[in-house]
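> Model the following, please.
(2 chains)
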Amino acid sequence: MSGRLALPVRDGEGLQARLDAHFGRAPAFVVVDPDGTEPPRRLVNDGAQAEHGAGIGAAALLLRHGVTAVAAERFGPKAEQALRAGGVALFLAPGGLTVAEVLERFRAGTLARHERKVY
Amino acid sequence: MHLVVASGKGGTGKTLVSTHLAWLAAGRGLETVYVDADVEAPNGHLFLAPAVEREERHALPLPVLPAGRCVACGACQDFCPYHAILVLPGTVLVFPELCHSCGGCVRVCPSAALSEAPHEDGTLRAGRAGPLRFLDGRLDVGEPRAAPLIREVLRRIPSGVFAVVDAPPGASCATAAALSGADRALLVTEPTPFGLHDLRSALRLCRSAEVPAAVVLNRADLGDDRPLREFLDAERVPLLAAWRYDPDVAAAVARGELAARRVSWLREAAERLLDVCLAPAEVARP
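Take a look at the predicted model:
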């Protein structure tokens, strides 16, 4: 499959960066190309400290950069709504893993899909 | 004169103070309105039992996107500092709970694709309790922002009357909205660490709004009031009254009655407080 996978990260660089538990409040994102042609890119999440709407701002940032899949431990309700409306595939990955570890699971097809909640 | 009764910490006695001041002022023949601006939990009506003469719904404009004209340029999204609008291929998502109804997105849209539709968020009431005029607002359950409804309640205050505004607790946007246009603020507190902590926030808010503030200490004998008194001395904030805890007052409040109808010391104390409040020069200390 082609596309870009974005992961919220709290520290570290590139493939060694560690996953932040929360999507919208992560200080940065690492965007990787699972097909292996683009080098990992780091996007600073300027809205991480926003009083409201951090998740929407983060979703807008990723959509601008052509992201098609996101893996995180938790998504806020508005971030989830925005990402799904933008056609982004959502996956679950525990915080603390490295980007390399998540990428490996993604390529192996073992990363759990984040199912749409039914209220 | 607009007197705003605020507190910082909740449950210190804002409504006890504000209902009594308004009721006593009206009883003196002064044209007075009690304004319940605590729209997330209005309770002044329980004590004043007003006859409601007018009731109306309040609404705010929210952006809507009729089909057809949007070219997904993103101007609305770039404009909105609250991330309330998100442009996606083929659609625009509006997050009503983040929108502040400023109308900016509609104005910056170069394609005139967005319009506004009313979104109801609460109810405004006006009435009378004997000689006392009464206004309140009630925010609908689930609505995230109280400030627009509070501003609308305040706009209904008739000119030239003595207005006693019962503010929401805290020191957030809602309290700031209730303080706007105030001539002075009475901050009701209690002799506890929480009371003092939140009083500091409320006092900072009054100062940033340039509203002179004075303090009423309620349940003055239930705790250690020395830290509070030292703070007020250091900050040169006047302490206008210290009311003791009285189970008869608590019982009257629990029954939804104006305690001063039965408790004579409270009536006398509230009359003295009203005297001070109506003599503004004594209170003012910017």
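> C-alpha from now on. contacts and neighbour counts both.
Fine.
> can you pull out the helices in the chain?
No chain was given, so I picked chain A. A:54-64, A:77-85, A:99-108 (DSSP state H).
> You answered for a different chain; I wanted chain B.
Along chain B, counting by DSSP H, helices occupy B:14-27, B:44-48, B:75-79, B:104-108, B:147-155, B:173-179, B:193-208, B:226-235, B:247-255, B:264-277, B:280-283.
> and chain A, which of those is closest to it?
Chain A lies closest, by CA to the nearest CA, to one member of those: helix B:75-79, at 8.9 Å.
> tell me the pLDDT at the residue of chain A found nearest chain B?
Per CA to the nearest CA, the residue of chain A with the smallest distance to chain B is A:Gly53, at 5.3 Å. Predicted confidence (pLDDT) for A:Gly53: 83.
> isn't it right up against B:His83?
Yes: contact criterion CA atoms under 8 Å: A:Gly53 and B:His83 qualify, at 5.3 Å.
> what do these two both touch?
B:Leu98 (CA atoms under 8 Å, 6 or more residues apart in numbering or on different chains).
> What helices and strands are in contact with the lengthiest strand in chain A?
If you go by DSSP state E, chain A has its longest strand at strand A:5-11. Packing partners of strand A:5-11 (3 or more CA pairs under 8 Å, 6 or more residues apart in numbering or on different chains; DSSP states H and E): strand A:18-19, strand A:28-32, strand A:69-72.
> does the last one come close to chain B?
No: between strand A:69-72 and chain B, judged by CA under 8 Å from any CA of the partner chain, nothing touches; the nearest distance is 15.4 Å.
> Show the secondary-structure elements that that strand is packed against.
For strand A:69-72, the packing partners by 3+ CA pairs under 8 Å, 6+ apart are strand A:5-11, strand A:89-92.
> Could I get the average pLDDT for that strand?
Here strand A:69-72 scores 96 as its mean pLDDT.
> correct me, but B:Ser7 touches B:Leu196?
No: applying CA under 8 Å as the test, B:Ser7 and B:Leu196 come out as separate, 9.9 Å apart.
> what is in contact with those two at once?
Contacts common to B:Ser7 and B:Leu196, judged by CA under 8 Å, 6+ apart, are B:Thr189.
> if you count what's nearby, which of these two comes out ahead?
The neighbour count for B:Ser7 versus B:Leu196, taken as other CA atoms under 10 Å in any protein chain shown, is higher for B:Ser7 (33 against 22).
> Next, the contact list for residue 106, please.
I'll assume chain A. Contacts of A:Phe106 (CA under 8 Å, 6+ apart): A:Pro34.
> that's the other chain; I wanted chain B
B:Val106 touches B:Pro63, B:Cys76, B:Ala112, B:Ala113, B:Leu114, B:Ser115, B:Glu116, counting by CA under 8 Å, 6+ apart.
> Widest-spaced pair of the residues you listed?
B:Cys76 and B:Glu116 (13.2 Å; CA to CA).
> still on that earlier bit, take the helices and strands packed on strand A:69-72 and lay them out in CSV including mean pLDDT.
Shown next, in CSV, are the helices and strands packed on strand A:69-72 (pLDDT from 0 to 100):
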stretch, mean pLDDT
strand A:5-11, 93
strand A:89-92, 95
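> burial of A:His65, as a residue count?
13.
> go on, B:Pro131?
If we define neighbours as other CA under 10 Å, then B:Pro131 has 16 of them.
> Would you check that B:Arg219 makes contact with B:Gly195?
No: applying CA under 8 Å as the test, B:Arg219 and B:Gly195 come out as separate, 11.2 Å apart.
> where are the low-confidence patches of chain B?
B:280-286 (pLDDT under 70).
> Grab the most central residue of it for me.
B:Ala167 (2.6 Å; CA atoms, centre = their mean).
> next one: phi and psi at it?
phi -90, psi 160 (degrees, to the nearest 10).
> Now A:Arg25. Nearest residue, chain neighbours left out?
A:Ala48 (4.4 Å; CA to CA, 6 or more residues apart in numbering or on different chains).
> still on that earlier bit, which residues are in contact with the longest strand of chain A?
So strand A:5-11 is contacted by A:17-24, A:26-34, A:62, A:67-72, A:99 (CA under 8 Å, 6+ apart).
> Count the neighbours of B:Ala279 for me.
Residues contacting B:Ala279 under the criterion other CA under 10 Å number 10.
> How much space separates it from chain A?
Per CA to the nearest CA, to the nearest Å, B:Ala279 is found 41 Å from chain A.
> got the contact list for that residue?
Per CA under 8 Å, 6+ apart, neighbours of B:Ala279: none.
> Quick check: it vs B:Leu273, distance?
For B:Ala279, the distance to B:Leu273 (CA to CA, to the nearest Å) stands at 10 Å.
> returning to that earlier point: wait, the residue nearest to the centre of chain B sits on B:Asp38?
Yes: in this structure, B:Ala167 is within contact of B:Asp38 by CA under 8 Å, at 5.2 Å.
> In chain B, what residue lies closest to chain A?
Closest point on chain B to chain A, by CA to the nearest CA, is B:His83, at 5.3 Å.
> Contact residues of chain A facing chain B?
Neighbours of chain B within chain A, by CA under 8 Å from any CA: A:His52, A:Gly53, A:Ala54, A:Ile56, A:Gly57, A:Ala60, A:Lys78, A:Ala82, A:Ala85, A:Gly86.
> And these, which of them are buried?
When neighbours are counted using 16 or more other CA atoms under 10 Å in any protein chain shown, the residues of chain A next to chain B contain these buried positions: A:His52, A:Gly53, A:Ala54, A:Ile56, A:Gly57, A:Ala60, A:Lys78, A:Ala82, A:Ala85, A:Gly86.
> Make TSV out of these and add distance to A:Leu92.
Output for those, formatted as TSV (distance: CA to CA, whole Å):
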residue	distance to A:Leu92
A:His52	23
A:Gly53	21
A:Ala54	19
A:Ile56	18
A:Gly57	20
A:Ala60	20
A:Lys78	17
A:Ala82	17
A:Ala85	18
A:Gly86	18
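> ok, those vs B:Ala25, which is closest?
Using CA to CA, these come closest to B:Ala25 at A:His52, 42.0 Å.
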